[in-house]
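Trainee: need a structure here:
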Amino acid sequence: MNKLKWPGFIFSGFLFFMVFTIPPQAFASDDVDELKAQLKQMNQQMMMLQEKLEKLENANSEKDDEIDEIDERLNKAELHTASDKLSWSVELRTNAESIHYDDTLFAPDWLVNMFFMPFNGSDPMSGGLNGIPANMVPAIMGGFASMGIPAEKVSSDNDIIYTSKFRLNMKAKINSQLDFAARLAAYKVWGDSTGVKFNGGSLGDVTFDGNSTSLPHGDTIHLERAYFNYKGRMGNVPVNFSLGRRPSTDGPPMEYGNYSLEGGSPYTPIINWQFDGASLAFGLEDATGIPGFDFKLCYGVGFEGDWGNSSSLNDTRPDVDDVHLFGFITTLFDDGRMSAGVNYAHASKITDGFTGTTVMPFIVSKQDTDGDLIPEYYFEANTGGYISRIEPMTNIGDWDALSLLLRANLAEFSDDLPDIDMFLSGSWTHTKPSRISTNPFYEMMGQGLLSSNGILESHSGYGIWAGVVFPMPKDARFGFEYNRGSKYWFSFTGAEDSLIGSKAATRGQVYEGYYIQPVFGDTFFFKVGARYYDYDYTGSGNPLGAPVKIEDAMALDSLNAIVDKVWGAYASATLRW
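Mentor: Have a look, this model is predicted:
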C-alpha cells in the first residue's frame with residue numbers, strides 16, 4: 001500500500017494558499033526575491049521533515065516485523081506445548097562400591113557331593129542321596145542334624161564394583177481431574193549384561209516381576225511404573241482413584257537417603273516391591289479438621305497363577321492360586337512440623353517362590369520311576385550354568401504387616417532450632433502357614449512359611465528403623481540410620497536397591513551413614529556412605545524355612561550360603577533433569 005507523503009501535501013497546500021489568497025499587488029519586484037528565498041528555505045525544511053518521517057516509518061516497519069516474528073515464535077511454542085502431551089525427565093546414577101563378607105557359612109563339599117551320589121539302600125549313611133525314597137528323607141536328614149556337622153567359614157571381597165542406574169520419567173496432566181505418570185528403568189553392573197544371576201538362595205538372585213528395575217538385571221529397559229490418577233470429590237472430600245503398575249518402591253522413609261521426594265506410597269519397612277494394582281484415596285483434612293489427615297485403600301496382585309505357568313492349561317484348577325494383597329495407608333496427622341502415619345497390608349495364599357529366571361546350582365526332581373507308591377528324589381548338578389525358568393508350586397500361607405512411621409523437622413518448631421530431620425518406624429509382621437512346599441527341594445527339608453521339619457506354626461516378628469539427618473556446610477546433609485529385625489521378622493522388601501541385600505528385611509541389625517553434597521541442588525549431587533550388616537538369624541527376606549541363629553547353624557542349614565557379617569562402602573554421582 002502507497003504511503004501518504006505528509007511534507008509534500010503540506011507544501012502543495014501552502015502554495016495553493018499563497019496563489020489564491022495573496023493579492024497580486026503584494027508581489028512587488030523587491031519582495032519577489034525575498035519571497036523566493038523564504039520558499040526555498042521552507043522547501044528545504046519540508047524535505048528534512050519528510051526524511052525524518054520516512055526514517056520513523058522504516059523504524060516502525062522494522063519493529064512491526066520484529067513483533068510479527070516474536071508472535072510467530074510464541075504461536076509455535078504454544079502449539080508445541082499444546083501438542084506435546086508428555087513432560088519428560090531423566091535420572092542417571094553412577095555408583096562405585098566395595099563389598100566385604102566375613103565368616104560366610106558354607107556346607108562342606110563332601111556333604112554337597114552326597115546329593116549327586118547314588119543312594120545305597122543297605123547303608124544309607126555310606127552312600128549318597130541321589131534316588132533317596134521320600135519316606136527315608138526325615139530320618140536321614142535328622143541323622144545329619146544330630147551329628148552336628150559344622151559349616152565351613154569363608155571370607156570374600158569384591159574390592160570394587162560399578163553400577164549405572166537410568167530412569168526415564170513421564171508425566172501428563174490431561175485435565176484438572178486426570179493425570180498420568182510412568183517410569184522406565186535400566187540397572188546394570190559394569191561389565192555384565194546377562195540379566196541373570198547364579199542362585200545362592202536369596203530372592204535377589206532371581207529376576208522376577210517384583211525386582212526387575214530395582215536390582216541390576218543387564219542393560220534392558222523395564223517398566224517400573226505406569227498408572228493414571230482420576231480426581232473427584234464426594235462433598236467436601238477429595239477422592240483419588242488410580243489403576244496400573246504402582247509407584248510401590250522407595251517409599252517412606254527412604255526419601256532421606258535418596259535425597260528425593262519421588263518415592264512410592266507403601267512404607268518401605270514392610271513393602272518395597274514392584275506390583276500391579278489399584279488405590280482409592282480420600283482427603284479427610286477439611287472434613288475432620290485434622291491437618292494432613294487422609295486414608296487410602298490399596299489392592300495388588302503379587303502372582304498370577306492361571307496364565308503362563310506349567311499348571312495353567314490343566315483340566316483341573318491350577319495347583320497355585322493367585323496371590324492378592326489388600327491394605328491401607330493413612331496419614332494420621334501432618335502439620336508440616338511433624339507427621340504420623342500407618343500402613344497395614346495383608347497377603348493371602350502367598351507362594352513358595354515367584355516366577356522368574358535364575359541359574360540354579362542343581363536341579364531337584366521327585367519321580368516315581370519304578371511304579372512304586374513311594375516316590376524318590378533325584379539331584380542333577382547344573383555344571384553348564386544353564387538358565388532356568390522357575391515358578392512357585394504351592395500356596396503356603398497368609399501374611400499380615402503393620403508399620404507406624406513418625407517424622408519431624410526441628411527447624412519447623414522454631415527459628416532457633418537447627419534443620420534436623422528425624423524419623424522412627426516400628427513395624428510388626430505375622431505369618432500363618434498352611435502347607436509345606438511341594439517344591440522337591442523344600443519338601444525334602446519339610447519347609448513352609450517360616451517353618452521347617454514339617455512343623456507349621458504361626459509367628460510374629462518386629463522391625464525398627466530409625467534415622468536422623470543433620471545439616472552441614474554448603475547445603476550438604478549427613479545422615480545416620482539404624483535397622484533391626486527379630487527372628488521371625490519377614491517383610492516384602494526384596495526390591496530394595498542394594499547389592500548386599502535389603503536392610504529393611506534383615507534379621508539382625510544394620511548401621512548406615514551417608515553424606516550428600518549438592519552441586520546444583522537435587523539436580524546434580526554426590527553421595528558417599530557405608531553400611532554394616534550384622535545378621536543374627538538365617539533367611540533374611542526369605543519366606544521359606546524356620547530361621548536359625550547363625551552361631552548355631554550347622555552344615556545342613558548352609559546348603560545355601562549363610563551371610564554372617566558384611567560391610568560395604570559406596571560413592572555415587574546422580575544427575576536428575
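Trainee: and Trp489, which of the three is it?
Mentor: Classification of Trp489 by DSSP: H, G, I helix; E, B strand; the rest coil places it in coil.
Trainee: tell me which element the closest residue to it other than its chain neighbours is part of?
Mentor: Leaving aside its sequence neighbours, Trp489 sits nearest to Gly461 (C-beta to C-beta, 6 or more residues apart in numbering; 3.4 Å). C-beta: built from backbone N, CA, C; applies to glycine. Using DSSP states H and E, Gly461 maps to strand 459-471.
Trainee: Please apply the same query to Ser89.
Mentor: Going by DSSP H and E, Ser89 is in strand 87-106.
Trainee: Give me the helices and strands touching that strand, please.
Mentor: Secondary-structure packing of strand 87-106 (3 or more C-beta pairs under 8 Å, 6 or more residues apart in numbering; DSSP states H and E): strand 152-173, strand 565-576.
Trainee: got the angle for it vs strand 152-173?
Mentor: When axes from the mean of the first three to the mean of the last three C-alpha atoms, to 10 degrees is applied, the directions of strand 87-106 and strand 152-173 differ by 170 degrees.
Trainee: For strand 87-106, what does the pLDDT average out to?
Mentor: Average pLDDT, strand 87-106: 96.
Trainee: List the buried residues in that strand.
Mentor: Judged by neighbour count using 16 or more other C-beta atoms under 10 Å, the buried positions of strand 87-106 are 91, 93, 95, 97, 99-102, 104-106.
Trainee: next one: stretch 386-400
Mentor: 390-400.
Trainee: what does stretch 173-190 give?
Mentor: 179-189.
Trainee: Take these and keep only those in strands.
Mentor: Of the positions in the buried residues of stretch 173-190, 179-189 sit in strands, assigned by DSSP state E.
Trainee: In JSON lines: these, plus distance to Lys366 and pLDDT.
Mentor: Shown next, in JSON lines, are these (distance: C-beta to C-beta, whole Å; pLDDT from 0 to 100):
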{"residue": "Asp179", "distance to Lys366": "51", "pLDDT": "96"}
{"residue": "Phe180", "distance to Lys366": "48", "pLDDT": "96"}
{"residue": "Ala181", "distance to Lys366": "46", "pLDDT": "96"}
{"residue": "Ala182", "distance to Lys366": "43", "pLDDT": "97"}
{"residue": "Arg183", "distance to Lys366": "42", "pLDDT": "97"}
{"residue": "Leu184", "distance to Lys366": "41", "pLDDT": "97"}
{"residue": "Ala185", "distance to Lys366": "38", "pLDDT": "97"}
{"residue": "Ala186", "distance to Lys366": "38", "pLDDT": "97"}
{"residue": "Tyr187", "distance to Lys366": "36", "pLDDT": "97"}
{"residue": "Lys188", "distance to Lys366": "37", "pLDDT": "96"}
{"residue": "Val189", "distance to Lys366": "35", "pLDDT": "97"}
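Trainee: will you turn these into CSV that also has distance to Ser279?
Mentor: What follows is those, written out as CSV (distance: C-beta to C-beta, whole Å):
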residue, distance to Ser279
Asp179, 14
Phe180, 15
Ala181, 13
Ala182, 16
Arg183, 17
Leu184, 21
Ala185, 21
Ala186, 27
Tyr187, 25
Lys188, 31
Val189, 33
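Trainee: Stretch 249-259: how far from the chain's middle?
Mentor: Centre-to-centre, stretch 249-259 and its host chain are 9 Å apart (C-alpha atoms, centre = their mean, to the nearest Å).
Trainee: quick one: terminal-to-terminal distance for it?
Mentor: One end of stretch 249-259 to the other measures 15 Å (C-alpha to C-alpha, to the nearest Å).
Trainee: which residues touch His217?
Mentor: 187-188, 195-196, 207, 211 (C-beta atoms under 8 Å, 6 or more residues apart in numbering).
Trainee: do Gly218 as well
Mentor: Neighbours of Gly218 in contact, by C-beta under 8 Å, 6+ apart: 188, 192-196.
Trainee: Name only those of these that count as buried.
Mentor: Counted by 16+ other C-beta under 10 Å, the contacts of Gly218 give 188, 195-196 as buried.
Trainee: now the strands: where do they sit in the stretch 1-150 of the chain?
Mentor: 87-106, 132-133 (DSSP state E, counting those that start in this stretch).
Trainee: Run through the neighbouring helices and strands of the shortest one.
Mentor: Helices and strands touching strand 132-133, by 3+ C-beta pairs under 8 Å, 6+ apart, are strand 376-381.
Trainee: Work out the sheet partners of the strand it packs on and label each with its direction, please.
Mentor: Strand 376-381 has the following strand partners under DSSP bridges: strand 132-133 (antiparallel), strand 362-367 (antiparallel).
Trainee: which residues touch the last one?
Mentor: Same thing as strand 362-367. Under C-beta under 8 Å, 6+ apart, the answer for strand 362-367 is 115-116, 134, 375-382, 388, 439-441, 443-444.
Trainee: so can I have CSV of the buried residues of strand 87-106 showing distance to Ser146?
Mentor: Supplementary listing: the buried residues of strand 87-106 in CSV, determined by distance: C-beta to C-beta, whole Å:
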residue, distance to Ser146
Glu91, 54
Arg93, 50
Asn95, 46
Glu97, 42
Ile99, 36
His100, 35
Tyr101, 29
Asp102, 29
Thr104, 25
Leu105, 19
Phe106, 21
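Trainee: quick one: which of the residues you listed is nearest Leu332?
Mentor: For those, the closest approach to Leu332 (C-beta to C-beta) belongs to Glu91, at 31.4 Å.
Trainee: How about that closest one: what's its closest non-neighbour residue?
Mentor: Arg167 (4.2 Å).
Trainee: Need the three-state assignment for the residue nearest the centre of the chain.
Mentor: Nearest residue to the geometric centre of the chain (C-alpha atoms, centre = their mean): Thr249, 3.9 Å. Under three-state DSSP, Thr249 falls in the coil class.
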